[in-house]
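**Student:** Attaching a predicted model along with its sequence, questions to come.
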Amino acid sequence: MRRPELIRTIAELRARLAPHRRAGSIIGLTPTMGALHAGHGRLIEQARRDCDIVVVSIFVNPIQFNQAADYQRYPRDLDADLEFCAARGVDYVFAPPEEEMYPAPLDTCVEVARLTDHLCGPHRPGHFRGVTTVCTKLFMIVQPDKAYFGEKDAQQLAVIQRMVRDLNIPVEIVPVPTVRESDGLALSSRNLLLSPGGRRAAAGIYRALQAAETALAAGTREAAAVQKAALEVLAAHPEIRVEYLQVVDAVEMQPVPVVEGPVRVAVAAWVDDTRLIDNILWRP
């Protein structure tokens with residue numbers, strides 16, 4: 001099992017990728033913040049199937065955290081991440097220090113309006129600006145042909161897709177379905193922060209989404225009724241503190257009063273002191 005080459009600087013990564021680009025190789029990028037798990041593994045495996053060269057970036061991006069404590073406690077284990085990447089045939093791991101990505105305070109940011117007005121946007125001011133800014137930087141640094149994002153972060157995925165379209169960035173954004181634990185909990189690096197009791201309770205989040213899905217399948221089309229079905233499940237779990245549960249258009253991320261086309265039922269909730277998000281896609 002060959003370990004991927006670990007690269008710390010932008011200049012070195014560009015130098016390593018230049019011959020592959022000249023040779024016409026398809027380059028795939030999986031942007032991550034590390035603490036890699038099977039959900040990331042699914043992204044990497046898809047990139048490995050699609051691309052000649054696979055780059056995984058590992059960078060805990062400070063400008064997308066709206067709470068300093070959340071940034072500090074985010075799990076980090078580069079050695080384990082490198083082993084994880086090696087097992088999946090990654091060619092290069094780009095793990096820059098913060099001063100490499102942000103050598104000076106930023107005067108330029110990238111921000112997507114409207115798609116960030118709901119769901120996580122109001123609860124995490126500046127978060128999506130941080131995400132779109134760092135992704136733009138990574139796209140400029142790596143210049144990938146394809147970039148891989150999970151559907152668990154559905155709003156992030158929609159925002160990145162819109163940014164790439166609006167700015168004519170020449171990269172194909174490839175969505176990858178959510179990977180779940182056996183009890184339905186969506187895989188997330190933040191799951192590592194849950195207490196044993198919190199981890200058991202967190203499975204209720206997916207059960208609530210399943211209740212919404214059942215209501216939709218039974219013909220319910222009023223968004224308020226779909227939300228009510230999900231919230232009734234969450235009410236049975238006092239350990240789960242709901243931040244939002246909304247029915248939104250699957251492309252525009254705007255709340256809908258009546259389900260007439262594809263929607264996502266999206267939820268954010270706190271368990272212990274950890275914020276978790278999840279969603280399901282429903283197509284009539």
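**Tutor:** That came through, no problem.
**Student:** and the spatially closest residue to residue 177 that is not a sequence neighbour, what is it in contact with?
**Tutor:** Excluding the flanking residues, the one nearest residue 177 by C-beta to C-beta, 6 or more residues apart in numbering is residue 151, at 5.4 Å. Yep, even glycine has a C-beta here, placed from its N, CA and C like the rest. Neighbouring residues of residue 151 by C-beta atoms under 8 Å, 6 or more residues apart in numbering: 157, 175-178, 279, 281.
**Student:** In the residues you listed, find the pair that's most separated.
**Tutor:** Comparing every pair within the contacts of residue 151 by C-beta to C-beta identifies 176 and 279 as the most remote, at 14.0 Å.
**Student:** quick one: which of the two has more around it?
**Tutor:** Neighbour count, other C-beta atoms under 10 Å: between residue 176 and residue 279, residue 279 has more, with 25 against 20.
**Student:** hang on, the more buried one in a strand?
**Tutor:** Yes - counting by DSSP: H, G, I helix; E, B strand; the rest coil, residue 279 is located in a strand.
**Student:** Hmm, residue 157 and it touching each other?
**Tutor:** No - if you go by C-beta atoms under 8 Å, residue 279 and residue 157 don't touch, sitting 10.0 Å apart.
**Student:** Residue 94 and residue 117, how far apart?
**Tutor:** Applying C-beta to C-beta, to the nearest Å, the value for residue 94 to residue 117 is 32 Å.
**Student:** okay, those two: which has more neighbours?
**Tutor:** Taking neighbours as other C-beta under 10 Å, residue 94 and residue 117 compare with residue 94 leading, 26 against 11.
**Student:** In contact with that one, which residues?
**Tutor:** So residue 94 contacts 7, 13, 55-59, 141-142 (C-beta under 8 Å, 6+ apart).
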